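>>> Below: sequence and its predicted model.
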Amino acid sequence: MKKLVCVCFVLVIFSAAAVAQKKTWTEWSKKDVDKTLSDSAWAQTQSEGRQDSPQQAQAITGTTTSRREDSNISAAARVESGENKPANSVKYHVRFLSAKPVRAAFARQVMLSQTTSNEELNSQLAGFVNREFDEYIVVSVGVEVSDEKMATRLTRVFTAATTEALKQNVYLERKDGKKLFLMEYRAPTPDGMGAKFVFQRIVDGQPFLSQNDSVHFVAQLSEGMKLNTKYNLSEMLYEGKLEY
């Protein structure tokens, strides 16, 4: 009986995924957008501290909600203060921005915020979604916090960071242990997509990642503040294509 229940549950999950895949990104609901940006094959969320209600959360570079995946991060509240216990919640949304579904979710988020349709803007958004990333892998990190003072501290960390300071402390690590270190760092801008970490896509004439890989994004942003999220590339298929 247990086995039957388990099988039925798996079938329901796959059925729901199939229905979602049938939608074009221009048909996505806010729920679809939020899930893609925070809890999907292309996006994971690390959470820290006391979880307040969603209405109290203040976004620095992202606005979605959450799951924690392979979290290895100290409380941001003690990055500078040295406190032993975080007083508030922090959510780090780590996304493969170079993956088409993540760009589609950001574009759809903008569309949903419009009171009236703007065809020129929608055309620009479609261009952003359909852009090819043949040379680079881009990971973005958005931050959601529940306290204004904490937001100020975190903004300072991300704004002050440089490529030179981070390039030995930020990398993608495959399941075979091989690491690909940061090529370029871009601090957050008003685009709402967060800080951007750029990596080479092709190494020694071959893609660094393949569909059979799993990969960790690891970023030591400051002392005691470390991101570590894991992704399975076999799950990162969109419109029949591997997207990362």
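Received the coordinates, thanks.

>>> Next, the residue nearest in space to the middle of the chain: secondary structure please.
In the chain, the residue lying closest to the centroid (Cα atoms, centre = their mean) is residue 95, at 1.9 Å. Counting by DSSP: H, G, I helix; E, B strand; the rest coil, the backbone at residue 95 sits in strand.

>>> With residue 171 instead?
Three-state assignment for residue 171 (three-state DSSP): strand.

>>> Kindly report the same for residue 107.
Three-state call for residue 107 (three-state DSSP): helix.

>>> Confidence-wise, which helix or strand of the protein is lowest on average?
Across the helices and strands of the chain, mean confidence by mean pLDDT, DSSP states H and E is lowest for helix 78-81: a mean of 42.

>>> pLDDT below threshold where in the protein?
Residues of the chain that meet the criterion pLDDT under 70 lie in 1-21, 49-87.

>>> Now do the helices in it.
Counting by DSSP state H, the chain has these helices, from start to end: 2-22, 30-38, 78-81, 100-113, 119-130, 148-160, 163-166.

>>> Give me the packing partners of the fifth one, helices and strands only.
On a contact count with 3 or more Cβ pairs under 8 Å, 6 or more residues apart in numbering; DSSP states H and E, helix 119-130 meets helix 100-113. From N, CA and C alone the C-beta is placed, and that goes for glycine too.

>>> Measure how far the helix it packs on is from the centre of its chain, please.
Centre-to-centre, helix 100-113 and its host chain are 13 Å apart (Cα atoms, centre = their mean, to the nearest Å).

>>> now stretch 103-122
Distance of stretch 103-122 from its chain centroid, counting by Cα atoms, centre = their mean, is 20 Å.

>>> ok, and for it, which residues are buried?
For stretch 103-122, a neighbour-count test (16 or more other Cβ atoms under 10 Å) marks 103, 104, 105, 106, 107, 108, 109, 110, 111 as buried.

>>> what sits up against it?
Outside stretch 103-122, the residues within contact range by Cβ atoms under 8 Å, 6 or more residues apart in numbering are 25-26, 28, 30, 32-33, 36-37, 97, 125-126, 128-129, 131, 192-193.
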